[in-house]
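K.L.:
from the sequence below, what's the structure:
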Amino acid sequence: MPTIGVLEAQWDSGAMAMESRVLRPLLWFGLMEYRREEIEGSCIGARHFYRKTSLFDRMISFEVGLEGLAGIQH
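P.N.:
Numbers count the residues shown, from 1 in each chain. Next up is the predicted model:
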């Protein structure tokens, strides 16, 4: 569930934290590709695009399991 403070913040600190703590290290290890596009009419803004490389799926895998449902769920 989103936190109101994050949604109403002047700076998008969540995106900056995700980029600096997760995406950039993956980029350094060759697990992600990066592309940047300037935003027309903006002198300071740019769009950042990240994409998995083929090495990503060979190095990282996730096994997600759901817990059993016990009792009534609301």
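K.L.:
show me where this protein has strands.
P.N.:
Ranges of strands in the chain, per DSSP state E, are 32-38, 46-52.
K.L.:
will you turn the ones you listed into CSV that also has mean pLDDT and distance to Glu67?
P.N.:
C-beta: built from backbone N, CA, C; applies to glycine. Shown next, in CSV, are those (pLDDT from 0 to 100; distance: least, Cβ to Cβ, whole Å):
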stretch, mean pLDDT, distance to Glu67
strand 32-38, 94, 31
strand 46-52, 92, 28
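K.L.:
output those strands as CSV; include the columns mean neighbour count.
P.N.:
Shown next, in CSV, are the strands of the chain (neighbours: other Cβ atoms under 10 Å):
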stretch, mean neighbour count
strand 32-38, 12
strand 46-52, 11
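K.L.:
can you lay out the ones you listed as JSON lines showing distance to Gly65?
P.N.:
Below are the strands of the chain laid out as JSON lines (distance: least, Cβ to Cβ, whole Å):
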{"stretch": "strand 32-38", "distance to Gly65": "26"}
{"stretch": "strand 46-52", "distance to Gly65": "22"}
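K.L.:
of all those, which lies closest to Gln10?
P.N.:
Each of those has some distance to Gln10 by Cβ to Cβ; the shortest is strand 46-52, at 18.4 Å.
K.L.:
okay, now the sheet partners of that closest one, with direction.
P.N.:
Strand 46-52 pairs in its sheet with strand 32-38 (antiparallel), by DSSP bridges.
K.L.:
for Glu38, see how far away Leu27 is.
P.N.:
Counting by Cβ to Cβ, to the nearest Å, the gap from Leu27 to Glu38 is 19 Å.
K.L.:
looking at the strands of the chain, which is closest to Glu63?
P.N.:
Shortest distance between Glu63 and these, using Cβ to Cβ, is found for strand 46-52: 17.7 Å.
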